[in-house]
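[1] Sequence plus predicted model, see below.
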Amino acid sequence: GQNIDQPTEMTATEGAIVQINCTYQTSGFNGLFWYQQHAGEAPTFLSYNVLDGLEEKGRFSSFLSRSKGYSYLLLKELQMKDSASYLCAVRSLGGNNRKLIWGLGTSLAVNP
Amino acid sequence: DSGVTQTPKHLITATGQRVTLRCSPRSGDLSVYWYQQSLDQGLQFLIQYYNGEERAKGNILERFSAQQFPDLHSELNLSSLELGDSALYFCASSAPARVGMAETQYFGPGTRLLVL
(Lines give C-alpha, C1' and ligand atoms only; values in the text may rest on other atoms or scores of the structure.)
Protein backbone atom coordinates (compact mmCIF):
# COMPACT_ATOMS: atom_id res chain seq x y z
CA GLY A 1 0.00 0.00 0.00
CA GLN A 2 0.94 3.66 -0.01
CA ASN A 3 1.80 5.29 3.26
CA ILE A 4 3.25 8.49 4.68
CA ASP A 5 4.37 8.75 8.29
CA GLN A 6 5.01 11.91 10.28
CA PRO A 7 5.12 12.51 14.02
CA THR A 8 1.75 13.65 15.31
CA GLU A 9 2.97 16.45 17.55
CA MET A 10 6.17 18.32 18.32
CA THR A 11 7.07 21.11 20.70
CA ALA A 12 9.93 23.58 20.40
CA THR A 13 11.10 26.87 21.88
CA GLU A 14 11.09 30.26 20.20
CA GLY A 15 14.45 30.92 18.53
CA ALA A 16 15.38 27.24 18.37
CA ILE A 17 15.67 24.82 15.44
CA VAL A 18 13.24 21.96 14.83
CA GLN A 19 13.32 19.09 12.36
CA ILE A 20 10.10 17.44 11.23
CA ASN A 21 10.58 14.03 9.63
CA CYS A 22 8.52 12.32 6.98
CA THR A 23 8.93 8.76 5.70
CA TYR A 24 7.02 7.41 2.76
CA GLN A 25 6.24 4.18 0.97
CA THR A 26 4.63 4.77 -2.39
CA SER A 27 4.33 3.05 -5.74
CA GLY A 28 7.04 5.11 -7.40
CA PHE A 29 8.09 8.65 -6.62
CA ASN A 30 7.60 11.87 -8.52
CA GLY A 31 8.21 14.61 -5.98
CA LEU A 32 7.62 15.52 -2.33
CA PHE A 33 5.91 18.63 -1.03
CA TRP A 34 5.77 20.33 2.36
CA TYR A 35 2.84 22.54 3.28
CA GLN A 36 2.10 24.65 6.35
CA GLN A 37 -1.44 24.83 7.69
CA HIS A 38 -2.57 27.11 10.51
CA ALA A 39 -5.69 25.98 12.36
CA GLY A 40 -8.82 26.58 10.32
CA GLU A 41 -6.90 27.96 7.37
CA ALA A 42 -5.79 26.65 3.99
CA PRO A 43 -2.54 24.75 3.52
CA THR A 44 0.17 26.96 2.03
CA PHE A 45 3.05 25.65 -0.08
CA LEU A 46 6.48 25.65 1.57
CA SER A 47 8.83 23.51 -0.50
CA TYR A 48 9.25 20.88 -3.20
CA ASN A 49 11.96 18.21 -3.54
CA VAL A 50 12.31 15.82 -6.43
CA LEU A 51 16.08 15.20 -6.35
CA ASP A 52 18.16 14.10 -3.36
CA GLY A 53 19.61 16.84 -1.24
CA LEU A 54 18.76 20.00 0.61
CA GLU A 55 16.61 22.86 -0.66
CA GLU A 56 16.94 26.06 1.37
CA LYS A 57 14.38 28.84 1.49
CA GLY A 58 15.09 31.42 4.12
CA ARG A 59 14.41 30.00 7.59
CA PHE A 60 12.96 26.81 6.09
CA SER A 61 14.91 23.98 4.45
CA SER A 62 13.75 20.62 3.14
CA PHE A 63 15.84 17.51 2.59
CA LEU A 64 15.12 14.42 0.53
CA SER A 65 16.66 10.95 0.32
CA ARG A 66 14.84 8.91 -2.29
CA SER A 67 16.74 5.71 -1.53
CA LYS A 68 15.60 5.89 2.10
CA GLY A 69 12.08 7.15 1.38
CA TYR A 70 12.78 9.98 3.79
CA SER A 71 12.43 13.72 3.97
CA TYR A 72 12.68 16.35 6.66
CA LEU A 73 11.63 19.95 7.04
CA LEU A 74 14.02 22.08 9.05
CA LEU A 75 12.75 25.27 10.65
CA LYS A 76 15.36 27.68 12.04
CA GLU A 77 15.02 30.69 14.35
CA LEU A 78 11.56 29.57 15.33
CA GLN A 79 8.90 32.21 15.78
CA MET A 80 5.56 31.97 17.55
CA LYS A 81 3.81 32.28 14.19
CA ASP A 82 5.44 28.99 13.12
CA SER A 83 3.00 27.16 15.41
CA ALA A 84 0.99 25.23 12.83
CA SER A 85 0.52 21.82 11.26
CA TYR A 86 3.13 20.75 8.71
CA LEU A 87 1.96 18.40 5.98
CA CYS A 88 4.15 16.11 3.92
CA ALA A 89 2.73 14.99 0.56
CA VAL A 90 4.18 12.67 -2.07
CA ARG A 91 3.33 12.40 -5.71
CA SER A 92 3.61 8.83 -6.88
CA LEU A 93 4.51 7.93 -10.46
CA GLY A 94 2.67 9.87 -13.12
CA GLY A 95 0.34 8.85 -15.85
CA ASN A 96 -3.22 10.03 -15.58
CA ASN A 97 -3.32 9.64 -11.84
CA ARG A 98 -1.44 12.67 -10.56
CA LYS A 99 -2.98 12.90 -7.12
CA LEU A 100 -0.87 13.55 -4.07
CA ILE A 101 -0.69 11.20 -1.11
CA TRP A 102 -0.91 13.25 2.07
CA GLY A 103 0.44 12.60 5.52
CA LEU A 104 -1.73 13.42 8.52
CA GLY A 105 0.48 16.35 9.45
CA THR A 106 2.73 17.24 12.37
CA SER A 107 1.29 19.76 14.81
CA LEU A 108 4.13 22.04 15.96
CA ALA A 109 3.74 24.14 19.07
CA VAL A 110 6.32 26.91 19.54
CA ASN A 111 6.60 28.06 23.14
CA PRO A 112 8.09 31.35 24.34
CA ASP B 1 -3.69 35.12 -0.98
CA SER B 2 -3.27 32.07 -3.23
CA GLY B 3 -5.49 33.39 -6.01
CA VAL B 4 -7.96 30.52 -5.56
CA THR B 5 -11.41 31.64 -4.44
CA GLN B 6 -14.13 29.59 -2.79
CA THR B 7 -17.70 30.43 -1.89
CA PRO B 8 -19.39 30.38 0.47
CA LYS B 9 -17.00 30.67 3.42
CA HIS B 10 -19.47 29.14 5.83
CA LEU B 11 -22.53 26.97 5.30
CA ILE B 12 -24.96 25.65 7.88
CA THR B 13 -27.59 23.19 6.78
CA ALA B 14 -29.65 20.24 7.98
CA THR B 15 -29.29 16.52 7.46
CA GLY B 16 -30.78 15.28 4.23
CA GLN B 17 -30.19 18.55 2.42
CA ARG B 18 -28.08 19.28 -0.64
CA VAL B 19 -25.46 22.02 -1.02
CA THR B 20 -23.16 23.29 -3.74
CA LEU B 21 -19.68 24.59 -3.10
CA ARG B 22 -17.98 26.75 -5.70
CA CYS B 23 -14.32 27.23 -6.60
CA SER B 24 -12.52 29.50 -9.03
CA PRO B 25 -8.93 28.47 -9.79
CA ARG B 26 -5.93 30.74 -10.18
CA SER B 27 -5.71 32.45 -13.54
CA GLY B 28 -4.16 30.05 -16.05
CA ASP B 29 -4.53 26.93 -13.91
CA LEU B 30 -6.34 24.08 -15.62
CA SER B 31 -6.50 21.58 -12.76
CA VAL B 32 -8.90 21.78 -9.84
CA TYR B 33 -8.78 19.47 -6.84
CA TRP B 34 -11.33 19.01 -4.06
CA TYR B 35 -10.41 17.93 -0.54
CA GLN B 36 -12.31 17.24 2.67
CA GLN B 37 -10.75 17.87 6.07
CA SER B 38 -12.66 16.85 9.17
CA LEU B 39 -11.72 17.90 12.69
CA ASP B 40 -8.42 16.28 13.63
CA GLN B 41 -8.28 14.46 10.31
CA GLY B 42 -5.84 14.78 7.47
CA LEU B 43 -6.64 16.06 4.04
CA GLN B 44 -8.80 13.58 2.16
CA PHE B 45 -8.53 13.87 -1.59
CA LEU B 46 -11.93 13.71 -3.24
CA ILE B 47 -11.57 14.38 -6.95
CA GLN B 48 -9.52 16.20 -9.60
CA TYR B 49 -10.60 17.85 -12.83
CA TYR B 50 -8.32 18.95 -15.64
CA ASN B 51 -9.63 21.33 -18.27
CA GLY B 52 -13.19 20.14 -17.79
CA GLU B 53 -12.50 16.42 -17.63
CA GLU B 54 -12.33 14.19 -14.55
CA ARG B 55 -8.65 13.26 -14.06
CA ALA B 56 -8.46 11.37 -10.78
CA LYS B 57 -10.82 10.13 -8.12
CA GLY B 58 -10.13 9.66 -4.43
CA ASN B 59 -12.36 8.84 -1.50
CA ILE B 60 -15.41 10.57 -2.87
CA LEU B 61 -18.78 9.26 -1.72
CA GLU B 62 -21.50 8.46 -4.23
CA ARG B 63 -23.62 11.20 -2.61
CA PHE B 64 -20.99 13.71 -3.73
CA SER B 65 -20.35 14.86 -7.27
CA ALA B 66 -18.34 17.56 -8.96
CA GLN B 67 -17.85 19.19 -12.31
CA GLN B 68 -15.60 21.73 -13.97
CA PHE B 69 -17.14 24.21 -16.35
CA PRO B 70 -15.75 25.69 -19.61
CA ASP B 71 -14.60 28.80 -17.73
CA LEU B 72 -12.65 26.37 -15.46
CA HIS B 73 -14.54 27.12 -12.27
CA SER B 74 -15.67 24.03 -10.42
CA GLU B 75 -18.57 23.03 -8.21
CA LEU B 76 -18.78 20.28 -5.60
CA ASN B 77 -22.28 19.03 -4.92
CA LEU B 78 -23.00 17.29 -1.63
CA SER B 79 -26.40 15.61 -1.28
CA SER B 80 -28.33 13.66 1.36
CA LEU B 81 -26.10 15.32 3.90
CA GLU B 82 -25.20 13.52 7.11
CA LEU B 83 -23.79 14.83 10.37
CA GLY B 84 -20.44 13.28 9.48
CA ASP B 85 -20.15 15.43 6.38
CA SER B 86 -19.44 18.44 8.58
CA ALA B 87 -15.92 19.45 7.60
CA LEU B 88 -13.73 21.99 5.86
CA TYR B 89 -13.85 21.57 2.09
CA PHE B 90 -10.85 22.90 0.22
CA CYS B 91 -10.38 23.49 -3.44
CA ALA B 92 -6.88 23.69 -4.91
CA SER B 93 -5.62 24.46 -8.39
CA SER B 94 -2.39 23.87 -10.26
CA ALA B 95 -0.83 24.94 -13.52
CA PRO B 96 -0.48 22.49 -16.41
CA ALA B 97 2.28 19.92 -15.82
CA ARG B 98 5.59 20.62 -17.52
CA VAL B 99 8.91 18.77 -17.41
CA GLY B 100 10.85 19.90 -14.36
CA MET B 101 7.92 21.81 -12.89
CA ALA B 102 6.52 20.95 -9.50
CA GLU B 103 2.82 21.16 -10.44
CA THR B 104 2.28 22.74 -7.04
CA GLN B 105 -1.26 22.84 -5.70
CA TYR B 106 -2.45 26.20 -4.36
CA PHE B 107 -5.36 26.07 -1.95
CA GLY B 108 -8.40 28.28 -1.58
CA PRO B 109 -9.56 29.49 1.86
CA GLY B 110 -12.06 26.65 2.17
CA THR B 111 -15.77 26.31 2.89
CA ARG B 112 -16.68 25.33 6.42
CA LEU B 113 -19.77 23.11 6.29
CA LEU B 114 -21.81 22.37 9.38
CA VAL B 115 -24.60 19.82 9.11
CA LEU B 116 -27.08 19.94 12.00
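    Yep, it's here. Every value quoted in this text rests on a predicted model; they were computed, and no experiment measured them.

[2] and the residue sitting nearest the centre point of chain B, what does it touch?
    Geometric centre of chain B, nearest residue: residue B:34, 2.7 Å, by CA atoms, centre = their mean. Contact analysis of residue B:34 by CB atoms under 8 Å, 6 or more residues apart in numbering or on different chains lists B:23, B:45, B:46, B:47, B:48, B:60, B:66, B:74, B:76, B:89, B:90, B:91. For glycine as for every other residue, the C-beta is placed from the backbone atoms N, C-alpha and C.

[3] Which members of those additionally contact chain A?
    Taking CB under 8 Å from any CB of the partner chain as the test, chain A is in contact with B:45, B:48, B:90 out of the contacts of residue B:34.

[4] So what sits opposite the last one in the bridge?
    Listed by DSSP bridges, the beta-bridge partners for residue B:90 are residue B:35.

[5] burial measure for residue A:51, as a count.
    Residue A:51: 8 surrounding residues under other CB atoms under 10 Å in any protein chain shown.

[6] go on, the one 10 residues further on?
    By the other CB under 10 Å criterion, the neighbourhood of residue A:61 contains 18 residues.

[7] ok, which stretches of chain A are strands?
    A:3-5, A:9-13, A:18-25, A:32-37, A:44-49, A:53-57, A:60-65, A:70-75, A:84-91, A:100-102, A:106-111 (DSSP state E).

[8] Sketch out the low-pLDDT regions of chain A for me.
    A:1, A:94-98 (pLDDT under 70).

[9] Close to chain B: what parts of it are there?
    Of all the residues in chain A, those lying near chain B are A:31, A:33, A:40-45, A:48, A:50, A:87, A:91, A:94, A:96-100, A:102-105, going by CB under 8 Å from any CB.

[10] Give me the buried entries from those residues.
    A:31, A:33, A:42-43, A:45, A:48, A:50, A:87, A:91, A:98-100, A:102-105 (16 or more other CB atoms under 10 Å in any protein chain shown).

[11] Next to chain A, which bits of chain B? Give me the list.
    B:2, B:33, B:41-43, B:45, B:48, B:55-56, B:58, B:88, B:90, B:97, B:102-110, B:112.

[12] circling back to that earlier point, compile the contacts of residue B:34 into JSON lines and extend it with columns for pLDDT.
    Formatted as JSON lines, the contacts of residue B:34 follow (pLDDT from 0 to 100):
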{"residue": "B:23", "pLDDT": "98"}
{"residue": "B:45", "pLDDT": "92"}
{"residue": "B:46", "pLDDT": "95"}
{"residue": "B:47", "pLDDT": "95"}
{"residue": "B:48", "pLDDT": "94"}
{"residue": "B:60", "pLDDT": "94"}
{"residue": "B:66", "pLDDT": "97"}
{"residue": "B:74", "pLDDT": "98"}
{"residue": "B:76", "pLDDT": "98"}
{"residue": "B:89", "pLDDT": "98"}
{"residue": "B:90", "pLDDT": "98"}
{"residue": "B:91", "pLDDT": "98"}
